[in-house]
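Enquirer: Pasted the sequence and its predicted model underneath.
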Amino acid sequence: MRVCCSVSGKSASPFDAVVVPSVPRRPKIVLVGGTGRVGSSTASNLLRTIPEAEIVLGSRTRDTFENALLRRPELSSTKHIQLEIDDQQSIERAIRDADLVVHTAGPFQRKMSCSVLDAAITCKVPYLDVCDDTLYSRDARSRMEKAKTAGVPAITTGGIYPGVSNVMAAYMLETAADSPQEESAAMPPSNPDRILYSYFTAGTGGAGPTILETTFLLAGEPVVAFKEGVPVTLEPVSNRRVVDFGRAVGKRGVYLYSLPEVASGREVFNVPSISARFGTAPEPWNWGMVVLARLVPRSTLQNRAIVSAIAKVLDPFIRLVDGIVGEQVAMLVEVEFSDKKIAAGLFVHDKLSESVGASTAAFAYCLLAGETKPGVWYPEQEEAIPNRPLLLKLASHGTKQFLLNKSPWEIESDPVQLGFGIYIQ
């Protein structure tokens with residue numbers, strides 16, 4: 001199925017033509033880390049798309065569940081189960097009769113085991129995680145044959161970014177060859193040369209201290225990008241690039257970070273050059289991360305206990321700033337082809353705290369619908385999400401702007417047409 005993708009504001013979505021398949025009646029879904037910001041947002045969106053679902057939020061203590069209900073009263077119908085994330089037997093007891101387990105208990109950096117995935121394979125329960133760490137995702141993928149043998153479909157890095165961003169790139173590559181050649185679209189019939197992932201989130205995006213911990217941990221990880229097929233190791237939070245995220249967001253500075261969609265995109269798409277950048281607002285936050293990455297010993301930034309303590313101390317101040325800057329999120333995915341034409345995709349949502357839940361719930365829905373083959377897959381692999389328009393339809397819920405297969409000028413903040421197909425900024 002081919003869908004022309006252009007969603008903006010409150011206009012009708014071209015995804016309306018995509019048929020949403022049914023899922024098992026009253027599916028039981030266990031969210032590990034379900035009482036956190038990402039987990040509770042995912043639970044809320046699952047109830048929106050599958051109102052009859054039995055949602056179980058797993059965490060270490062009952063207190064976190066009560067706090068989640070205070071933040072999100074719509075979760076009053078959910079249940080709580082106590083579990084220990086690093087205890088595989090504890091996870092197995094929690095998910096044994098589930099239709100799906102969703103692992104949202106980050107941060108994933110410096111984690112030494114895939115206990116939730118191992119439990120899912122043992123219990124033969126479909127699995128999804130929102131991992132944003134290259135090493136963890138590779139560790140998860142090493143369970144490929146075990147998952148296939150057990151008949152367990154599993155997706156790693158299936159959140160918003162990475163996750164939906166990967167599928168955006170895959171969709172643009174998939175549709176480039178058979179899309180009509182129009183002046184308003186960049187859909188060249190040539191081979192892809194480069195993919196650039198650029199992300200922006202205002203403040204912490206309302207995602208709580210976890211995103212702060214993740215960013216600190218990533219500031220301690222060397223970046224591996226690919227240039228003309230060769231891996232290049234670079235400093236974290238480096239190589240600033242100014243990216244135009246369109247009128248709703250404007251131009252923002254973004255920096256190289258070690259993100260798993262770089263390695264997975266190189267593996268899956270076989271594209272010679274690929275990198276991923278992230279930036280936040282206010283801009284001094286980015287400057288602070290640059291200083292942190294240069295001056296703080298890497299061993300300190302790679303220590304989960306130290307980073308967690310720092311994030312908790314800074315959390316009240318960060319929340320104060322978040323209240324001023326908001327929690328807007330934007331993703332720009334650019335695919336450059338060998339003839340130098342560019343196909344671009346833009347995703348903008350006013351609230352990361354809601355969008356991350358919609359994105360994760362979209363992957364969960366596809367898994368429940370039986371879309372994913374047994375094995376452990378990256379989001380951009382066809383075995384993970386064969387029906388990409390369905391995933392994009394569900395993930396784009398509430399977006400302010402969602403564009404795919406566009407020329408850069410169609411996305412830029414202030415394009416000016418001079419005529420004869422020439423545009424200036």
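Expert: Everything's here; your move.

Enquirer: For Asp414, grab the count of nearby residues.
Expert: Asp414 has 11 neighbours, counted by other Cβ atoms under 10 Å. Glycine gets a C-beta too; all of them are placed from N, C-alpha and C.

Enquirer: Can you tell me the SS state at it?
Expert: coil (DSSP: H, G, I helix; E, B strand; the rest coil).

Enquirer: wait, it sits on Gly250?
Expert: No. Counting by Cβ atoms under 8 Å, Asp414 stays clear of Gly250, with 9.5 Å between them.

Enquirer: and the gap between the closest residue to Asn45 other than its chain neighbours and Phe200?
Expert: Spatial nearest neighbour of Asn45, excluding adjacent residues (Cβ to Cβ, 6 or more residues apart in numbering): Ala361 at 3.7 Å. Ala361 is 22 Å from Phe200, where distance means Cβ to Cβ, to the nearest Å.

Enquirer: One more: Gly250?
Expert: Computed as Cβ to Cβ, the Gly250 to Phe200 distance reads 9 Å.

Enquirer: Ok, Val23 next?
Expert: Relative to Phe200, Val23 is positioned 33 Å away (Cβ to Cβ).

Enquirer: Which residue of the two possesses the greater neighbour count?
Expert: Applying other Cβ under 10 Å to Val23 and Phe200 shows that Phe200 carries more neighbours, namely 25 against 20.

Enquirer: Am I right that that one sits in a strand?
Expert: Yes. Under three-state DSSP, Phe200 sits within a strand.

Enquirer: For it, give me the pLDDT.
Expert: On the pLDDT scale, Phe200 is placed at 97.

Enquirer: Can you pull the poorly scored residue ranges out of the stretch 151-300 of the chain?
Expert: Along the stretch 151-300 of the chain, the parts satisfying pLDDT under 70 run over 177-189, 205-208.

Enquirer: can you give me the helices in it?
Expert: 164-176, 209-218, 260-269, 283-295, 298-301 (DSSP state H, counting those that start in this stretch).

Enquirer: Val321 belongs to a helix?
Expert: Yes. Under three-state DSSP, Val321 sits within a helix.

Enquirer: Now for it, how many residues are close by?
Expert: Here the count is done by other Cβ under 10 Å, and Val321 has 16 residues near it.

Enquirer: That one and Trp285, how far apart?
Expert: Relative to Trp285, and taking Cβ to Cβ, Val321 is found at 8 Å.

Enquirer: again with Ala361
Expert: Separation of Ala361 from Trp285 (Cβ to Cβ): 28 Å.

Enquirer: Kindly report the same for Arg241.
Expert: Between Arg241 and Trp285 the distance is 17 Å, computed by Cβ to Cβ.

Enquirer: neighbour count winner among those two?
Expert: Each of Arg241 and Trp285 has its neighbours counted (other Cβ under 10 Å); Trp285 has more, 17 against 14.

Enquirer: Report the contact partners of that one.
Expert: The neighbours of Trp285, taking Cβ atoms under 8 Å, 6 or more residues apart in numbering as the test, are Gly203.

Enquirer: now do 6 Å
Expert: Applying Cβ atoms under 6 Å, 6 or more residues apart in numbering, we find Trp285 in contact with no residue.

Enquirer: how close does it sit to Ile211?
Expert: Shown here: Trp285 relative to Ile211, a distance of 12 Å by Cβ to Cβ.

Enquirer: That'll do, ta.
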